[in-house]
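*Asks:* got a sequence here, can you model it:
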Amino acid sequence: MNAPALVDQFGRHIDYVRLSVTDRCDLRCSYCMPEGFKGFEEPADWLDFDEIERLLGAFARLGVRRVRLTGGEPLLRRDISGLARRIASLPGIEDLSLSTNATQLDRHAAALKAAGVTRLNVSLDSLQQARVERINGRDVLAKVMTGLAAAQEAGFAPIKLNMVAMRGSNDDEIDEMVAFCMDRGFVLRLIEAMPMGATGRNTEYLDLQPVKERLRARFGLVETALPGGGPARYLGTADGGFNVGFITPISQHFCESCNRIRIAVDGTAYMCLGQDEKFEFRPLLRDGCSDAELDAAIVEAINLKPERHEFREAPHKLVRFMSMTGG
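*Replies:* Numbers count the residues shown, from 1 in each chain. Here you go, the predicted structure:
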């Protein structure tokens, strides 16, 4: 029997949950959190593995098919491969992916693949050591490259590289990153910086629409599509050997087709990165709610999902950090 579909008040089917498993990170990326930020939640407030499994199991009962593990840096969560195995085994979950900065990936890649993680997204904003150190706050380029090699050796394919394109910071490297991904067999995804909090608003925004047309012409790219539940719009080579995605929350928003919510490590579900609506699942889970009560709470939460963000209209509206909300 098919699971019921989660549908919000605007008719969008919600089948994708991005779950933060930690708000800790070993980087200090300029567009994510400020240097010296120490506002992390304490582990007592984090959902434990049993609570995560129960919550995602309820979402799966209601039609969610895709889960992405995020952070912070998810590989900093103890026994992350064990958690991945539990989630991948849930009835109804068809796709389990993970986003990482790859600094720890060489130690975890094989175990994650064996646990049932099907896809990896890796953040890489530059191929220049000094620039990586400036953007990420740490000298980690060599570690990232080692992690990418380990992931390919473990059998992950394709691996998507996420590059936040920032005017004056790394926009002159976009073509170089395209060539790198073509040569190494990676999918590239270019992302417009979102104005979340002071960190995001201080990032130099770059409209990706002209970049998309320039890359289309230079590399002979055509419209294409790739599997996945995310918002990227893709161009690719005619032979399918290379694909580049564009995630454009500002210049060409994708709110009308948004199929996802984010759940922070403390069990707070955020319905939209650009709005205030949220729902706290931790109190329900720790008060011993029934399955029926949990299912009803999920439906209630989905009905809070707003029609669209207001990054253009109200860029100062939110003060959250991506590291706390979940990437």
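*Asks:* that's a strand at residue 111, yeah?
*Replies:* No. Looking at residue 111 with DSSP: H, G, I helix; E, B strand; the rest coil, it is helix, so not inside a strand.
*Asks:* the closest residue to it other than its chain neighbours: what's it in contact with?
*Replies:* Spatial nearest neighbour of residue 111, chain neighbours left out: residue 81 (3.9 Å); criterion: C-beta to C-beta, 6 or more residues apart in numbering. C-betas here are computed from N, CA, C, even on glycine. By C-beta atoms under 8 Å, 6 or more residues apart in numbering, residue 81 lies in contact with 108, 111, 112, 114, 115.
*Asks:* at 10 Å instead, please
*Replies:* 75, 108, 109, 110, 111, 112, 113, 114, 115, 116, 117 (C-beta atoms under 10 Å, 6 or more residues apart in numbering).
*Asks:* separation between the third one and residue 5?
*Replies:* Here the criterion is C-beta to C-beta, to the nearest Å. By it, residue 109 lies 34 Å from residue 5.
*Asks:* ok, now the last one?
*Replies:* Counting by C-beta to C-beta, the gap from residue 117 to residue 5 is 25 Å.
*Asks:* with neighbour numbers in mind, choose between those two.
*Replies:* The residue with more neighbours, out of residue 117 and residue 5, is residue 117; 26 against 11, by other C-beta atoms under 10 Å.
*Asks:* and the pLDDT at the more buried one?
*Replies:* At residue 117, the pLDDT value in this model is 98.
*Asks:* repeat that for residue 322.
*Replies:* 50.
*Asks:* and what of the one 3 residues further on?
*Replies:* What the model reports as pLDDT for residue 325 is 57.
*Asks:* please apply the same query to residue 285.
*Replies:* 98.
*Asks:* which of the helices or strands spans it?
*Replies:* In this structure, residue 285 sits in helix 282-286 according to DSSP states H and E.
*Asks:* just the buried residues of that helix, please?
*Replies:* 282, 284, 285 (16 or more other C-beta atoms under 10 Å).
*Asks:* ok now it, how far from the chain's centre?
*Replies:* 25 Å (C-alpha atoms, centre = their mean, to the nearest Å).
*Asks:* same check on stretch 68-84?
*Replies:* 13 Å.
*Asks:* do stretch 288-298 as well
*Replies:* 26 Å.
*Asks:* can I get it as PDB, trimmed to CA atoms?
*Replies:* Provided in PDB are the C-alpha atoms of stretch 288-298 (Å, rounded to 0.1, in the frame of the first residue of the first chain):
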ATOM      1  CA  GLY A 288       6.300   9.900  25.300                       C
ATOM      2  CA  CYS A 289       3.900  10.800  22.500                       C
ATOM      3  CA  SER A 290       2.100   8.100  20.600                       C
ATOM      4  CA  ASP A 291       2.800   7.300  16.900                       C
ATOM      5  CA  ALA A 292      -0.600   8.800  16.100                       C
ATOM      6  CA  GLU A 293       0.300  12.000  18.000                       C
ATOM      7  CA  LEU A 294       3.600  12.200  16.200                       C
ATOM      8  CA  ASP A 295       2.100  11.700  12.800                       C
ATOM      9  CA  ALA A 296      -0.500  14.500  13.600                       C
ATOM     10  CA  ALA A 297       2.300  16.800  14.700                       C
ATOM     11  CA  ILE A 298       4.100  16.300  11.400                       C
END
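*Asks:* which outside residues touch it?
*Replies:* 4, 6, 14, 17, 54-55, 57-59, 61-64, 261, 269, 279-281, 283-285, 287.
*Asks:* give me the mean pLDDT for that stretch.
*Replies:* 97.
*Asks:* for it, buried residues please.
*Replies:* 289, 294, 295, 297, 298.
*Asks:* residue 62 and residue 103, how far apart?
*Replies:* The value you get for residue 62 to residue 103, if C-beta to C-beta is used, is 35 Å.
*Asks:* same thing with residue 140?
*Replies:* 5 Å.
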